[in-house]
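Peer 1: Starting from these lines, generate the structure:
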Amino acid sequence: MSPALGERAGAGALTPGPRGMALLGPALVAGVAYVDPGNVASNMTAGARYGYLLVWVVIAANLVAWLVQYLSAKLGVVTGRSLPEILGQRLTHRAARRAYWLQAELVAMATDLAEVVGGAIALQLLFGIPLLLGGVITGIVSMALLVVQGRRGARPFEFVVIGLLLIVAFGFLAGLLVAPPDPAAAAAGLLPRFADAGSVLMAASILGATVMPHAIYAHSALTRDRFGAASGSADATTAPTGAPASGGVARLLRATRWDVSLAMVIAGAVNLGMLLLAAATLPGVAGTDTLEGAHAALTAQLGPLIGTLFAVGLLASGLASTAVGAYAGAEIMHGLLRVRVPMMLRRLVTLIPALLILGLGVDPTLALVLSQVALSFGIPFALIPLVALTSQRRTLGAHANRRITTVLGILAAVLLVGLNLALIALLVTGS
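Peer 2: Just a heads-up that it's a prediction; the model follows:
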């Protein structure tokens, strides 16, 4: 992959260097969104139903995600502000700002719903804990992670979430050590093609769920918290203490490209690994479109150890992603409403819908599906402003997108928005 997809690479772009390694981290935290519980069933189902056919879709989705997350990170690096903060300033009409906040807040809550439900299911699979109690435990652990972020700062929070991400990767990929995929068949899956209408829908599901709105909001805030404001933007606020001088912006952007690349390699490997595992061991097996079904199928085919590791990976996924989702939600409220609500209070409030769903006995898989529909509605509201803002010299100054980057960003936005709208239509019509 090109280091910047058309961006100014500059000297030293080929390696982050020892000092550059210390700048990595924000993208790995944001990358948790790409391996959250909502992605597991779709990847497992794709492999079980269509074998290696849709390998190319997972890879294409990862490339699109790379560009989107890089643009989000760049916005935070150069301006020292998050996407919600900038939109909160640009939307001068109070009603417009509140309406934008409402849709973003609902999307953040839908994200949280999927992640808490996923964590609760994992606890039930591992320890037989009732779903409602599992949701409470997941919420409590996410609060503890947010305390780390609030009291210790960005770096310790990154270490904890990255540690969980590594557990996710091992838990979901361990089965490949027992049942490696067919190399020739996997390579054949790189050729773009479909088998039937169902495979088209499955591909749309994978692509449409690639970029989550909260990951866009969160990534710009994570880089802001880590690096402050890098002067060089025509619209940047005063740099806080410790912010890099103008000469350091290019170095930060090079490190950011490596950070995003590493995060997407890990997330892409996990998603691809799940599809390959299902293709190798679960062809034609029914029930893999639910988290419980995927776990049961893996346990039956590969043994209890692999099933347990899968559940552990699912638990780590739920815990890490719900903490990042809560962080994104707090940033959305602060940036758009210009108020700060104590993180723990906000966490308690946003936890209520998920606990109600679990307590009322609603089908967890149905809850996950509905949450993905809500996320689909939020995609254009996050992605279109991101591409527009990073293309403006007014906002990023000399670091604004080059034309090729803007064109690719527009194509990615059109693709993702179109796919999400198509998925919503298919779900509504029942096709």
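
Peer 1: next helix or strand past the worst-scoring helix or strand of the chain on mean pLDDT?
Peer 2: Of all helical and strand segments in the chain, the minimum by mean pLDDT, DSSP states H and E falls on helix 17-21, at a mean of 59. Going down the chain from helix 17-21, the next helix or strand is helix 26-30, by DSSP states H and E.

Peer 1: Put the alpha carbons of that next one into CSV.
Peer 2: Taking C-alpha atoms only, helix 26-30 is exported to CSV below (Å, rounded to 0.1, in the frame of the first residue of the first chain):
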residue,chain,number,x,y,z
PRO,A,26,-4.4,6.0,18.4
ALA,A,27,-5.2,4.1,15.3
LEU,A,28,-4.9,0.7,17.1
VAL,A,29,-7.5,2.0,19.6
ALA,A,30,-9.9,3.2,16.9
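
Peer 1: Check which helices and strands it sits against.
Peer 2: helix 55-79, helix 154-173, helix 213-227, helix 249-281 (3 or more Cβ pairs under 8 Å, 6 or more residues apart in numbering; DSSP states H and E). To be clear about C-beta, it is placed using only N, CA and C from the backbone, and glycine gets the same treatment.

Peer 1: Would you mind finding the most buried of those?
Peer 2: helix 213-227 (a mean of 28; mean count of other Cβ atoms under 10 Å).

Peer 1: tell me the contacts of Pro166?
Peer 2: I think there's a mix-up here, since residue 166 is Leu and not Pro. Leu166 makes no contacts at all, as judged by Cβ atoms under 8 Å, 6 or more residues apart in numbering.

Peer 1: Show me the shaky parts of the stretch 251-400 of the chain.
Peer 2: For the stretch 251-400 of the chain, applying pLDDT under 70 flags the ranges 372.

Peer 1: Can you give me the distance of Ala267 to Phe170?
Peer 2: As for Ala267, its distance to Phe170 is 14 Å (criterion: Cβ to Cβ, to the nearest Å).

Peer 1: My read is that Lys74 contacts Gly397, right?
Peer 2: No. The pair Lys74 / Gly397 is not scored as a contact, 11.7 Å apart, by Cβ atoms under 8 Å.

Peer 1: could you show me where the helices are in the stretch 301-431 of the chain, in order?
Peer 2: Applying DSSP state H, counting those that start in this stretch to the stretch 301-431 of the chain gives helices spanning 304-337, 343-359, 364-390, 393-396, 403-429.

Peer 1: Present those as JSON lines; the columns should include mean neighbour count.
Peer 2: Converted to JSON lines, these look like this (neighbours: other Cβ atoms under 10 Å):
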{"stretch": "helix 304-337", "mean neighbour count": "25"}
{"stretch": "helix 343-359", "mean neighbour count": "18"}
{"stretch": "helix 364-390", "mean neighbour count": "20"}
{"stretch": "helix 393-396", "mean neighbour count": "17"}
{"stretch": "helix 403-429", "mean neighbour count": "16"}
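
Peer 1: about what we covered before: which one of the helices and strands packed on helix 26-30 lies nearest to Arg340?
Peer 2: Comparing the helices and strands packed on helix 26-30 against Arg340 with Cβ to Cβ, the closest turns out to be helix 213-227 (12.9 Å).

Peer 1: elements contacting that closest one?
Peer 2: helix 26-30, helix 55-79, helix 83-90, helix 94-127, helix 154-173, helix 304-337, helix 364-390.

Peer 1: Between helix 304-337 and it, find me the angle.
Peer 2: Put simply, helix 213-227 runs at 80 degrees to helix 304-337, going by axes from the mean of the first three to the mean of the last three Cα atoms, to 10 degrees.

Peer 1: Same list, the helices and strands packed on helix 26-30, but as JSON lines with distance to Ile137 please.
Peer 2: Putting the helices and strands packed on helix 26-30 into JSON lines (distance: least, Cβ to Cβ, whole Å) gives the following:
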{"stretch": "helix 55-79", "distance to Ile137": "30"}
{"stretch": "helix 154-173", "distance to Ile137": "15"}
{"stretch": "helix 213-227", "distance to Ile137": "22"}
{"stretch": "helix 249-281", "distance to Ile137": "24"}
